[in-house]
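*Asks:* would you be able to build a 3D model of this:
(chains A and B)
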There are 2 protein chains.
Amino acid sequence: MDIKKYVTDLALEARAGARSLAKATAEQKNCVLIKMAEAIKKRSMELIAENKKDIAYAEGKGLSKALIDRLALTDKRIKEMAQGLTEVTQLPDPVGEIVHMWQRPNGMTVGKMRVPIGVIAIIYESRPNVTADATSLCLKAGNAVILRGGSEAIHSNKAIAEILRDVARTEGIDEGAITFIDIPDREAIIEMLKLEGTIDLVIPRGGEGLIRTVTENSLVPVLKHYKGVCHVFVDRDADLIMAEEICFNAKVQRPGTCNAMETMLVDESIAEGFLPKMLKKFEDAGVQLRGCPRTLALRPDIIEVKEEDYYREYLDLILNVKVVNDMEDAMEHIAKYGSAHSDAIVTMNYDRAMRFLREVDSSAVLVNASTRLNDGYQFGLGAEIGISTDKIHARGPMGLEELTCTKFIVLGNGQLRE
Amino acid sequence: MDIKKYVTDLALEARAGARSLAKATAEQKNCVLIKMAEAIKKRSMELIAENKKDIAYAEGKGLSKALIDRLALTDKRIKEMAQGLTEVTQLPDPVGEIVHMWQRPNGMTVGKMRVPIGVIAIIYESRPNVTADATSLCLKAGNAVILRGGSEAIHSNKAIAEILRDVARTEGIDEGAITFIDIPDREAIIEMLKLEGTIDLVIPRGGEGLIRTVTENSLVPVLKHYKGVCHVFVDRDADLIMAEEICFNAKVQRPGTCNAMETMLVDESIAEGFLPKMLKKFEDAGVQLRGCPRTLALRPDIIEVKEEDYYREYLDLILNVKVVNDMEDAMEHIAKYGSAHSDAIVTMNYDRAMRFLREVDSSAVLVNASTRLNDGYQFGLGAEIGISTDKIHARGPMGLEELTCTKFIVLGNGQLRE
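*Replies:* This next block holds a predicted model:
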């Protein structure tokens, strides 16, 4: 099989799909999304049958129970997937919005109009629901999508994609708007990443290995999310009860997520009053603590943190605890060891709150709120296609707006360049 | 010499410079820019002496007179360069702007704040004034800059960069904010492009060869400008006098620029009334014409256009002329052969004007105005660092705003994730 030709043809099909989709009105797109939701529910037996093949294969390969659970499509999960498609219809269509518009001295009116990006490739691992979620967001923003799911879910992903394509076709949308790479070869990804000019953007969703591979091989621009090494700094002027709640929520509410806290930084002047009770609360919740020497002076029984721990994304009930001299010291720690994902300060001091907001350079900087709130739904963007730790194009949760770009438009009446 | 180490050290110096610069107020940055303008003028003898070395080298190498002219620094050009630095102080500082801010049901306020990108590498060719222009824009937007000019202007570029660094140092800005690669080896570029995480963005400014090299070798995100194959479509409902002026301006006013027209598309129903006079006017201005068969039916004496000509960026007094069936046909031509740079329609028909604006997917789409107006100054953005034909991050003229990104900020009072 000629993989290069296969992928190139698919991308050209997507290109044509993108042109057709760019002209669709919000009403047309919403109508297609609702029909897709209905079809997903109606054909759930088919999905479950295909999903069983993936699960049997995973079990045969001896994959962990947790991984197999992530893979499984149940009636409930299929309903949620359909629900997700319907929810996207509730979001405003970003396409065609005039971002702003102004008049020039020569009388011409200049503006910026929001338009689809074009063709977006999504490379993802594990959970099959991403097939539907990513498609719905790309489609609503007027983009064609090329889907490349993980090989462990290939039957499930393909079945979902086929249902979505069937609906597109019967609803008069060029089916190139949804294309699916159904060969498991890694070479297909590498070839796809060369198609600059045909594919406009690649979004890898998965582990660091996948993201590195994509970044290193791509001529197409990439929007990515590396790890989340997040901090909460408890300032000397913090409300200590609030600080305790925020730190606990940031670590314990769902430790396996990228916006969970990995290191708690505490101002030395309140460490003695704050730490003992806080650390006890963490321990009661099963958190394994790793402390700096000054933390150990208060609690000699806990493990000492190593420098390399400060760089780690535990994604688990493990927490580094460090006593710092002041906010300056905390911000230096965050700049050095953090991943510029989500960082919070707890303080009642106005001046330090404003300085922390301004000077910490992360995708979300929070005052008196849990890092766990850095999320598209929590921020009110509606659905999200991931959290970008890049600085180009999109930073933080990526919603529909981040799946568009703008073009300049000019309304003139004969203006020339002098 | 260890080129990898040299470039890495330089980039780390820039990283530190970026952190210092991110904290600078608009007043501090403007003050530095004005001092830089003064220093450039005061030390013009020094600049001219260094520039002479480049010119002598270029003459020795037998470079064309046009190229040598582009290289030369005269008193007038030095004054203009200083003027450029001063003008940037007049532009509003984008850093710290809150793009928008909204309240969530749980009472927290979420917003987006504009922040510097960080470290920006500019790789450019020929004209030494880019050294000062690019630095002023990066600096005003709070970014450290790594400059890599063409080898033919290395003495001039280095002299300018040194003056700018001297001013930064005496004004208390970390001089890492302006770093300059002063070795001519191409390997320095290749090594620099690997420094993902230390350098945040690369902007290549120059020919297609340079841009390809950068794109193919870069792990760092790239903002680029490929060629400008621009069109004017004269609709059947055009004001033909306006059409004549716009087409003439788009081709002749400065043919060597990326936003000049390369192909004129004319609706068949007005071709006979419009073309003869228009083509005569072009010929009187020395434009070489290449016509489609239907153009040749009216003017059998001109050269026939070849299909590959439609893809070409002439940057010269050469023009393709094509008669099309209607706007649909024109838009298809633009989608197929154009470079999505600047495309215009001349029409008095409201419906077609609106459809052309919406459906043509170029960095600037103009109604009744010359393509030559697609420019940062003309659009009112102030200075520009180039015109992006990318769809990610920035599209069209890139001003100060495009040299920033945003971060999410949250003002809470104890909000947690439920």
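*Asks:* which of the three states applies to residue A:115?
*Replies:* Classification of residue A:115 using DSSP: H, G, I helix; E, B strand; the rest coil returns strand.
*Asks:* what is the burial count for it?
*Replies:* 26 (other C-beta atoms under 10 Å in any protein chain shown). Every C-beta, even on glycine, is put in place using the N, C-alpha and C of the backbone.
*Asks:* surely residue A:220 and residue A:121 touch.
*Replies:* Yes - here residue A:220 reaches residue A:121: they are 7.3 Å apart, a contact under C-beta atoms under 8 Å.
*Asks:* got a list of what residue A:253 touches?
*Replies:* Neighbour list for residue A:253: A:260, A:370, A:372, B:416-417 [criterion: C-beta atoms under 8 Å, 6 or more residues apart in numbering or on different chains].
*Asks:* residues contacting the closest residue to residue A:129 other than its chain neighbours?
*Replies:* Taking C-beta to C-beta, 6 or more residues apart in numbering or on different chains, and ignoring the residues beside it in sequence, residue A:129 has residue A:81 as its nearest neighbour in space, at 4.9 Å. The neighbours of residue A:81, taking C-beta under 8 Å, 6+ apart as the test, are A:40, A:129, A:132-133, A:160.
*Asks:* and residue A:81, that's in a strand?
*Replies:* No - assessed with three-state DSSP, residue A:81 is helix; it does not lie in a strand.
*Asks:* mind listing the strands for the stretch 1-150 of chain A?
*Replies:* With DSSP state E, counting those that start in this stretch as the criterion, the stretch 1-150 of chain A has strands at A:98-103, A:109-116, A:119-124, A:144-148.
*Asks:* name the helices or strands packed onto the shortest one?
*Replies:* Taking 3 or more C-beta pairs under 8 Å, 6 or more residues apart in numbering or on different chains; DSSP states H and E as contact, the helices and strands that strand A:144-148 lies on are helix A:3-22, strand A:119-124, helix A:129-140, strand A:178-180, helix A:186-192.
*Asks:* picking that back up, more crowded one of residue A:220 and residue A:121?
*Replies:* When residue A:220 and residue A:121 are compared on other C-beta under 10 Å, the one with more neighbours turns out to be residue A:121, at 31 against 23.
*Asks:* leaving out the residues flanking it, which one is nearest to the more buried one?
*Replies:* Take residue A:121 and drop its neighbours on the chain: the residue closest to it by C-beta to C-beta, 6+ apart is residue A:146, 4.2 Å away.
*Asks:* residues near residue A:318, how many?
*Replies:* Residue A:318, neighbours per other C-beta under 10 Å, totals 16.
*Asks:* what sits against the residue nearest to it when sequence neighbours are not counted?
*Replies:* On the basis of C-beta to C-beta, 6+ apart, the spatially nearest residue to residue A:318 that is not a chain neighbour turns out to be residue A:288, at 4.7 Å. With contacts defined as C-beta under 8 Å, 6+ apart, the neighbours of residue A:288 are A:303, A:317-319.
*Asks:* and the furthest pair within the residues you listed?
*Replies:* Within these, A:303 and A:317 form the most distant pair, 13.7 Å apart (C-beta to C-beta).
*Asks:* show me which of those two is the more surrounded one.
*Replies:* Between residue A:303 and residue A:317, counted using other C-beta under 10 Å, the more crowded position is residue A:317 (16 against 12).
*Asks:* residues touching the more buried one, list them.
*Replies:* With C-beta under 8 Å, 6+ apart, residue A:317 has these contacts: A:251-252, A:255, A:285-288.
*Asks:* now do the phi/psi pair for it.
*Replies:* Main-chain torsions, residue A:317, degrees, to the nearest 10: phi -80, psi 60.
*Asks:* any idea how far it is from residue A:283?
*Replies:* Distance of residue A:317 to residue A:283, given as C-beta to C-beta, to the nearest Å: 10 Å.
*Asks:* all set, thanks.
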